[in-house]
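Peer 1: sequence below, structure please.
(one chain, ligands or ions: 2)
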Amino acid sequence: MITTYIFDLDGVIVDTAKYHYLAWKKLADELEIDFTHEHNELLKGVSRVRSLEIILKLGKKEILTSDFERFLIQKNEDYLKYIDKMDASEILPDVLGKLKFIKSINGKIVLGSASKNAKPILQKVGLIEFFDAIVDGNDVSKAKPDPEVFLIGAQKVNVNPLECVVFEDAVAGIQAANIAGMLSIGIGDKATLNEADYIFTDFTQITNEFLQNLENN
Ligand code: G6P
Ligand code: MG
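Peer 2: Ligands and ions are numbered 1, 2, ... in the order given. Below is the predicted model of the structure:
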């Protein structure tokens, strides 16, 4: 029986990829690395450290460890300037409706995100109160597709992984959910997310009946 609904953050609850892009782009420009929107796709669901490694590889640049740390800080400071301006209008379509419905059927709601900025973002958009547990980039040592983030989430609300469903927009996130033994729901492109148990373009495509039936699974 499904009792617990685990949400990824970036690309599922809010579209922060555009802000990550702007902050990475500024750094890439400074380093004279060509960084496009297509490149940005490679960074979805990927940790901050790994993202910088990917960008440096794109530009075939090698840098000092001290510069690497400095660039991570600089990128995050720029990213936080965008986050600071976020409000409820940035919640993706029908996410709020689904969170309310899950509460109404007494489902547990958990966040499972790679982002170290997850809590401030949830606060900014006014959704933090919905979450029974939050697991973010500060709590995990292994990145998705490792299932750690979701397994800790299940543990935090004292449920078996088999009782959990995961909403994810990144392939690595779907793989992590599958490895954890959880039901996986892809939010986004059907072809990209084909390893998911179910795929929807966005939450407006998911009915309350569908969620209710999952509960009875
Ligand atoms: C999410 C995003 C990634 C981002 C990662 C770390 O997984 O999809 O694009 O790199 O979180 O985010 P952070 O806020 O800690 O830099
Ligand atoms: Mg995501």
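Peer 1: what residues does the closest residue to Ala118 other than its chain neighbours make contact with?
Peer 2: In space, and not counting its chain neighbours, Ala118 is closest to Asp136: 3.8 Å by Cβ to Cβ, 6 or more residues apart in numbering. All C-beta atoms are positioned from the backbone trio N, CA, C, and that covers glycine. Neighbour list for Asp136: 9, 111, 113-116, 118-119 [criterion: Cβ atoms under 8 Å, 6 or more residues apart in numbering].
Peer 1: what do you get for Val135?
Peer 2: 110-113, 149-150, 152-153, 156.
Peer 1: please apply the same query to Tyr19.
Peer 2: 79, 82-83.
Peer 1: and which of the residues you listed is nearest to ligand 1?
Peer 2: The nearest member of the contacts of Tyr19 to ligand 1, counting by Cβ to the nearest ligand atom, is Tyr79 at 6.4 Å.
Peer 1: roughly how far apart are that closest one and Lys26?
Peer 2: 10 Å (Cβ to Cβ, to the nearest Å).
Peer 1: neighbour count: the two, which is higher?
Peer 2: Tyr79 (21 against 14; other Cβ atoms under 10 Å).
Peer 1: Leu214 - nearest residue in space that isn't next to it in sequence?
Peer 2: Closest residue in space to Leu214, ignoring its immediate chain neighbours: Ile2 at 4.6 Å, by Cβ to Cβ, 6+ apart.
Peer 1: any regions of this structure where pLDDT drops low?
Peer 2: 217 (pLDDT under 70).
Peer 1: mind checking how far the residue located most distally from the centre of the chain is from Asn76?
Peer 2: Largest separation from the mean C-alpha position in the chain: Leu64, at 29.4 Å (Cα atoms, centre = their mean). As judged by Cβ to Cβ, Leu64 and Asn76 stand 19 Å apart.
Peer 1: list the buried ones in the longest helix anywhere in the chain?
Peer 2: Ordering each helix of the chain by length in residues (DSSP state H) puts helix 65-83 first. Residues of helix 65-83 classed as buried: 71, 75, 78-79, 83 (neighbour count, 16 or more other Cβ atoms under 10 Å).
Peer 1: starting from it, tell me the next helix or strand along the chain.
Peer 2: helix 95-104 (DSSP states H and E).
Peer 1: so which elements touch that following helix?
Peer 2: strand 108-112, helix 208-215 (3 or more Cβ pairs under 8 Å, 6 or more residues apart in numbering; DSSP states H and E).
Peer 1: how about a cut-off of 10 Å?
Peer 2: Judged by 3 or more Cβ pairs under 10 Å, 6 or more residues apart in numbering; DSSP states H and E, helix 95-104 is in contact with strand 4-7, strand 108-112, strand 164-168, helix 208-215.
Peer 1: who does the third one touch, helix- and strand-wise?
Peer 2: Meaning strand 164-168. Going by 3+ Cβ pairs under 10 Å, 6+ apart, strand 164-168 lies up against strand 4-7, helix 95-104, strand 108-112, helix 148-156, helix 171-179, strand 183-187, strand 198-200, helix 208-215.
Peer 1: mean neighbour count and distance to Gln123 added to the ones you listed, as TSV?
Peer 2: TSV is the format used below for the helices and strands packed on strand 164-168 (neighbours: other Cβ atoms under 10 Å; distance: least, Cβ to Cβ, whole Å):
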stretch	mean neighbour count	distance to Gln123
strand 4-7	26	15
helix 95-104	17	15
strand 108-112	25	12
helix 148-156	22	19
helix 171-179	23	22
strand 183-187	25	22
strand 198-200	17	27
helix 208-215	14	25
